[in-house]
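[1] sequence first, predicted coordinates after that:
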Amino acid sequence: MAVKKEVSAALWSRIQPLLPEVRKSPRGGRPRLSDELALNGILFVLRTGTPWEYLPQELGFGSGMTCWRRLREWQVAGVWHRLHLVLLAELHGAGRLDFSRFSLDGASVGQPPGGSYTGPNPTDRGKLGSKRHLVTDRQGIPLMFCVTGANRHDSVVFEELVDALPSVAGKRGRPRRWPEKLHADKGYDFARCRRHLRRRGIQSRIARRGVERNDRLGRHRWVVERTHAWLAAFGKLRIRFERAVETHVALLSLACCVICCRALPEFC
């Protein structure tokens with residue numbers, strides 16, 4: 001029975017040049033699993049939420065632990081971040097990236113098995129949890145994210161997350177980095193957040209507590225909530241399964257790349 005691959009030819013053509021070159025050991029040994037098969041295994045686990053050790057061998061994607069090690073190896077080499085930048089540049093060049101409005105929001109992720117960047121979730125009876133903070137463009141394309149404990153206030157990482165926005169190439173001239181406006185909910189209603197945006201030349205569209213109703217500014221901000229839902233649709237990200245934050249971040253990065261791929265013209 002033929003097994004459907006998780007990696008399309010278009011995605012593989014973009015990621016293959018970014019993978020680190022591996023030299024064969026002069027001592028021989030077992031042949032190394034091909035990078036394409038390992039990536040298929042990683043994407044299968046990401047999509048389904050299957051524990052690494054239970055990756056079905058009949059798929060032909062190698063062992064789950066081999067795929068896990070390859071995911072970590074490529075994260076250390078910066079592969080996922082570079083792939084994200086490549087895809088953002090393609091989207092920008094194709095007119096699919098909208099810098100007129102960005103949106104920022106955080107979402108809690110429950111039930112992590114401990115580890116760093118976790119904390120008691122005040123909205124879930126103090127249960128252990130993590131939180132991902134995300135910036136998207138007007139269409140919901142993920143641009144940058146970070147992970148904190150669930151007990152950290154959304155506004156704590158505001159400045160850091162804004163400053164981490166990448167410079168996106170893809171068109172003639174200087175790469176584009178800052179949006180015209182940035183939308184955020186009342187959790188970011190602080191003078192320091194607005195001052196930070198002004199220093200970057202960004203118009204603040206942060207809802208004011210007790211002044212502006214959520215449905216007024218929310219008509220633009222809903223896209224980031226939808227992107228959080230897209231991320232949660234990946235089985236391995238619905239809750240935080242990974243104790244090591246580096247592995248969790250690697251899976252988040254890959255999921256953002258998959259979402260970017262879906263928005264490219266050839267995938268639409």
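    Thanks, I have it. Numbers count the residues shown, from 1 in each chain.
[2] list the contacts of K236.
    45-49, 242, 251 (CB atoms under 8 Å, 6 or more residues apart in numbering). In this view, the C-beta of every residue, glycine as well, is placed from N, C-alpha and C.
[3] at 7 Å instead, please
    The contact partners of K236, taken as CB atoms under 7 Å, 6 or more residues apart in numbering, are 45-46, 49, 251.
[4] next one: A164
    Contacts of A164 by CB under 7 Å, 6+ apart are M144.
[5] quick one, grab the pLDDT at it.
    A164 is assigned 97 on the pLDDT scale.
[6] now do V3
    At V3, pLDDT is 56.
[7] and for A207?
    For A207, pLDDT reads 90.
[8] before we move on, what about the one 5 residues further on?
    At E212, the predicted lDDT confidence score is 59.
[9] A150 touches K127, doesn't it?
    No: shown here, A150 and K127 do not form a contact pair, counting by CB atoms under 7 Å, at 8.2 Å.
[10] quick one: which of the two has more around it?
    A150 (25 against 14; other CB atoms under 10 Å).
[11] what is the nearest residue to that one once chain neighbours are set aside paired to in the beta sheet?
    For A150, ignoring the flanking residues on the chain, the nearest one in space by CB to CB, 6 or more residues apart in numbering is G129 at 3.3 Å. Here G129 sits in beta bridges with G110, G119, going by DSSP bridges.
[12] flag the shaky bits of the stretch 1-150 of the chain, pLDDT-wise.
    Along the stretch 1-150 of the chain, the parts satisfying pLDDT under 70 run over 1-4, 25, 28-29.
[13] oh sorry, the question was meant for the stretch 151-268 of the chain
    In the stretch 151-268 of the chain (pLDDT under 70), the answer is 212-218, 266-268.
[14] switch the cut-off to 90
    Scanning the stretch 151-268 of the chain with the threshold set as pLDDT under 90 gives 170, 172-173, 209-221, 243, 264-268.
[15] tell me where it has helices.
    Assigned by DSSP state H, counting those that start in this stretch, the stretch 151-268 of the chain shows helices spanning 158-163, 191-199, 214-232, 245-263.
[16] the ones you listed: which one's closest to V79?
    Nearest of the helices of the stretch 151-268 of the chain to V79, taken as CB to CB: helix 245-263 at 8.9 Å.
[17] between the closest one and helix 214-232, how many degrees?
    Per axes from the mean of the first three to the mean of the last three CA atoms, to 10 degrees, the angle that helix 245-263 makes with helix 214-232 is 110 degrees.
[18] ok, and for helix 245-263, which residues are buried?
    245, 247-261, 263 (16 or more other CB atoms under 10 Å).
[19] so R152 touches K131, yeah?
    Yes: if you go by CB under 7 Å, R152 and K131 touch, sitting 6.4 Å apart.
[20] count the residues that sit near the spatially closest residue to A94 that is not a sequence neighbour.
    Distances taken as CB to CB, 6+ apart place P265 nearest to A94, at 5.4 Å, with adjacent residues excluded. P265 has 10 neighbours, counted by other CB under 10 Å.
[21] now do H81
    With other CB under 10 Å as criterion, H81 counts 17.
[22] next: the one 4 residues further on.
    The criterion is other CB under 10 Å. On that basis, L85 has 20 neighbouring residues.
[23] again with R198
    Neighbours around R198, by other CB under 10 Å: 10.
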